[in-house]
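Asks: build the 3D model from these lines:
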Amino acid sequence: MQFVSTRDAALKSGFGAALQQGLAPDGGLYVPDSWSDAAVDLGGAPLDLPGLAERLLAPFLAGDALSAQLAGITHDAFNFAAPCVALSGPGKLSLLELFHGPTAAFKDFGARFLAAALACVARGGRPLNMLVATSGDTGGAVAAAFHERPGMRVTVLFPCGLVSPTQERQLTCWGGNVQSLAVRGTFDDCQRLVKEALREPALRERFDLSSANSINLGRLLPQMVYYAATSLALWREHGERVSFVVPSGNLGNVVACIWARHIGLPIADIVLAHNANRTVPDYLQRGRWCPRASVATLASAMDVGNPSNMERLRSLFPDMPELVAAVSADWVGDEDIRRRIRLCFDEWGKICCPHTAVAAEVYARLPEARRRAGPWVIVATAHAAKFREIVEPLIGEEVPVPDSLVRLLARPTACTEIPADLAGLRAELIP
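Replies: Residues are numbered from 1 along each chain as shown. Here you go, the predicted structure:
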């Protein structure tokens, strides 16, 4: 299979090369050049994540040197569970828990796949510097996945003062081959700096650079796997296609869900759940794309005002009526996030992070007839322990901290503050 730029279909790349580049040469995002080549029969497939990942992703790696390493890559990346837990109440409602990895966020799946895949790519001796912009969870997951891997370096950029205290510790506790930079700006500034650096000739001459954000295929494609496993399991249980409500920021997670449906998985409706950064809901309602500066919210990992993966959505659905028919979206303010965290605890006994609460609130707003029409899954993207200062006062209890987070929080931290411009980033990359 070949992958083409969202901006110029003449720019083609194989899978391994696309992972190394991160962005296409023209600044576009890589997408499959032919969806018919992605077809695979998963009807009787076992639902263990490593095995399912190997079968699901094999067509995307067909013809690439990495295809021979796929089994090892998937067993390295998918070595923790993604349980789908039934919730009490009317209808067939479940919670897909994607926070059982080493940094307690769904980003662990894609980050570990990308790191394992790039470890198998021959690069001619030059170290690879992975640049990652993060609004909270991505940077920690990428740092954990790449930490102490030979020949690889990670530079994490996060908005200074705009992530939770636990998230910031996760972003700055690594040392070694991981460099943490606190950018005086927003996530959108961090994302802009990564894109500018990837296209900067002086930096590209000095380093092999790539991105570990969801603009990279190696982050996005493996996220299809948990949607495949969940939809197949519920299809076999209920004989109905399942609908998902997905907390959404930079849109990588929801694009993975859409791509899974596009290749034939039994997925019905896909609803995007946003916080007060409402660029996407407004676009679907009004038909005008108007990116804006991001605003800080309780669901900080979704504080994105100009989501990169909209390019992939518009590549798949170039006409507005097609896009509106394919997905719907709603947004939630901070007060409703607080209220929904309490309700999740009171009604379901679940301690939800603010991002999961956004999805739960959007689900609750759906018409009752739609909610009862088939099975629904709320996607839980992070463990509430990463947001204890928000959650604990709302539920009146301490949030249990997973052992993986306890170990990370015990590590010493270090980071450097930089301005939101390429010169500041360049100075840190080239001392």
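
Asks: show the contacting residues for W289.
Replies: Residues in contact with W289 (C-beta atoms under 8 Å, 6 or more residues apart in numbering) are 279, 283, 310. Where C-beta positions appear, they are placed from N, C-alpha and C, glycine not excepted.

Asks: who's in contact with A86?
Replies: 92-94.

Asks: among the residues you listed, which are located in strands?
Replies: The strands, defined by DSSP state E, take in 93-94 from the contacts of A86.

Asks: including distance to E196, neighbour count and pLDDT, could the contacts of A86 go into JSON lines?
Replies: Shown next, in JSON lines, are the contacts of A86 (distance: C-beta to C-beta, whole Å; neighbours: other C-beta atoms under 10 Å; pLDDT from 0 to 100):
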{"residue": "K92", "distance to E196": "46", "neighbour count": "18", "pLDDT": "93"}
{"residue": "L93", "distance to E196": "43", "neighbour count": "19", "pLDDT": "97"}
{"residue": "S94", "distance to E196": "41", "neighbour count": "19", "pLDDT": "97"}
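
Asks: which among the contacts of W289 gets closest to Y226?
Replies: Nearest to Y226 among the contacts of W289 is M310, at 22.2 Å by C-beta to C-beta.

Asks: of the contacts of W289, closest to S210?
Replies: M310 (21.2 Å).

Asks: tell me the one of the contacts of W289 nearest R371?
Replies: Using C-beta to C-beta, these come closest to R371 at Y283, 24.6 Å.

Asks: doesn't C290 make contact with the closest one?
Replies: Yes - counting by C-beta atoms under 8 Å, C290 is a contact partner of Y283 at 7.1 Å.

Asks: show me the shaky parts of the stretch 201-350 of the chain.
Replies: Along the stretch 201-350 of the chain, no part satisfies pLDDT under 70.

Asks: and with 80 instead?
Replies: Along the stretch 201-350 of the chain, the model assigns pLDDT under 80 to residues 213.

Asks: all helices for it, in order.
Replies: 201-206, 217-220, 224-238, 252-262, 279-286, 310-316, 320-326, 334-343 (DSSP state H, counting those that start in this stretch).

Asks: now the stretch 51-200 of the chain
Replies: Under DSSP H, counting those that start in this stretch, the stretch 51-200 of the chain gives helices at 70-77, 107-118, 138-146, 165-172, 187-198.

Asks: and the ones you listed, which is most packed in?
Replies: helix 138-146 (a mean of 29; mean count of other C-beta atoms under 10 Å).

Asks: so for T172, which of the helices of the stretch 201-350 of the chain sits nearest?
Replies: helix 217-220 (21.1 Å).

Asks: contacts for the closest one next, please.
Replies: 3, 15, 18-19, 30, 107, 110-111, 113-114, 117-118, 212-214, 252, 255-256, 259, 309.

Asks: show me what contacts the residue lying closest to P402 once chain neighbours are set aside?
Replies: With C-beta to C-beta, 6 or more residues apart in numbering as the criterion, P402 has its nearest non-adjacent residue at 5.6 Å, and that residue is A104. Contacts of A104 were listed using C-beta under 8 Å, 6+ apart, and they are 382-383, 385-386, 402, 404-405.

Asks: could you do E311 as well?
Replies: E311 touches 6-7, 28-29, counting by C-beta under 8 Å, 6+ apart.

Asks: try 7 Å this time
Replies: Counting by C-beta atoms under 7 Å, 6 or more residues apart in numbering, E311 touches 6, 28-29.

Asks: tell me how far it lies from A145.
Replies: For E311, the distance to A145 equals 24 Å [C-beta to C-beta, to the nearest Å].

Asks: so how far is stretch 407-419 from its chain's centroid?
Replies: Remark: stretch 407-419 is offset 22 Å from the chain centroid, using C-alpha atoms, centre = their mean, to the nearest Å.

Asks: actually stretch 160-173, not the one I typed
Replies: That offset, for stretch 160-173, works out to 18 Å (C-alpha atoms, centre = their mean).

Asks: enumerate the positions of stretch 239-250 that are buried.
Replies: Buried residues in stretch 239-250, counted by 16 or more other C-beta atoms under 10 Å: 241-250.

Asks: tabulate these (JSON lines), appending distance to V324.
Replies: JSON lines is the format used below for the buried residues of stretch 239-250 (distance: C-beta to C-beta, whole Å):
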{"residue": "R241", "distance to V324": "19"}
{"residue": "V242", "distance to V324": "21"}
{"residue": "S243", "distance to V324": "16"}
{"residue": "F244", "distance to V324": "17"}
{"residue": "V245", "distance to V324": "17"}
{"residue": "V246", "distance to V324": "17"}
{"residue": "P247", "distance to V324": "20"}
{"residue": "S248", "distance to V324": "16"}
{"residue": "G249", "distance to V324": "20"}
{"residue": "N250", "distance to V324": "20"}
